[in-house]
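give me a model of this one.
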Amino acid sequence: MKVTLDWIRYNRGGRKTIPAGRRYSTVARFEEASSDWPDVAWSLVFENMEMIEEQHRMIATVRFLSLDAPQHLLHAGSRFELYEGRKCVAKGVVNG
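Model prediction:
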């Protein structure tokens, strides 16, 4: 699945720097499953990460880290937030 990620700027509580590599993994909070958060949380793996024309915006492919994860959450239009500890560092949407 392809996703668009909007990284939260550092002066608004985000990361100091955007991940520079082509792979990144962290915990996600899905809008559809927010009532379970943080008791039930799943990690996502982003690969082939590329900056696009807007600053702090990337496109990437995504998959769950675990094969047992709720795959139904990764569908076109699905929205999620990425967390590093308690800090929300990015917001994303599945493109399809």
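
and for the protein, the residue most distant from the center?
Here the chain reaches farthest from its C-alpha mean at residue 11, the gap being 19.4 Å by C-alpha atoms, centre = their mean.

hang on, that one in a strand?
No: per DSSP: H, G, I helix; E, B strand; the rest coil, residue 11 lies outside any strand segment and is helix.

in this protein, which spans are strands?
Here the chain has its strands, by DSSP state E, at 2-7, 23-30, 42-51, 57-64, 79-84, 87-94.

contact partners for the residue positioned nearest the centre of the chain?
By C-alpha atoms, centre = their mean, the chain has its centre lying nearest to residue 82, at 4.5 Å. Residue 82 is in contact with 5, 26, 27, 28, 44, 88, 89, 90, 91, 92, counting by C-beta atoms under 8 Å, 6 or more residues apart in numbering. Where C-beta positions appear, they are placed from N, C-alpha and C, glycine not excepted.

the last one contacts residue 83, doesn't it?
No: because the distance of 11.7 Å does not satisfy C-beta atoms under 8 Å, residue 92 is recorded as not touching residue 83.

can you list residues touching both of those two?
Counting by C-beta under 8 Å, 6+ apart, the shared contacts of residue 92 and residue 83 are residue 28.

looking at those two, which is more packed in?
A count of neighbours by other C-beta atoms under 10 Å puts residue 92 above the other of residue 92 and residue 83, at 22 against 18.

pLDDT score assigned to residue 29?
Predicted confidence (pLDDT) for residue 29: 94.

show me what it is bridged to.
Counting by DSSP bridges, residue 29 is bridged to residue 81.

verify the stated contact: it with residue 78.
No: contact criterion C-beta under 8 Å: residue 29 and residue 78 do not qualify, at 11.7 Å.

low-confidence stretches in this structure?
Applying pLDDT under 70 to the chain picks out no residues at all.

please name whichever of the strands of the chain is nearest to residue 36.
Nearest to residue 36, of all the strands of the chain, is strand 23-30, at 9.0 Å by C-beta to C-beta.

for that closest one, name the packing helices and strands.
Packing partners of strand 23-30 (3 or more C-beta pairs under 8 Å, 6 or more residues apart in numbering; DSSP states H and E): strand 42-51, strand 79-84, strand 87-94.
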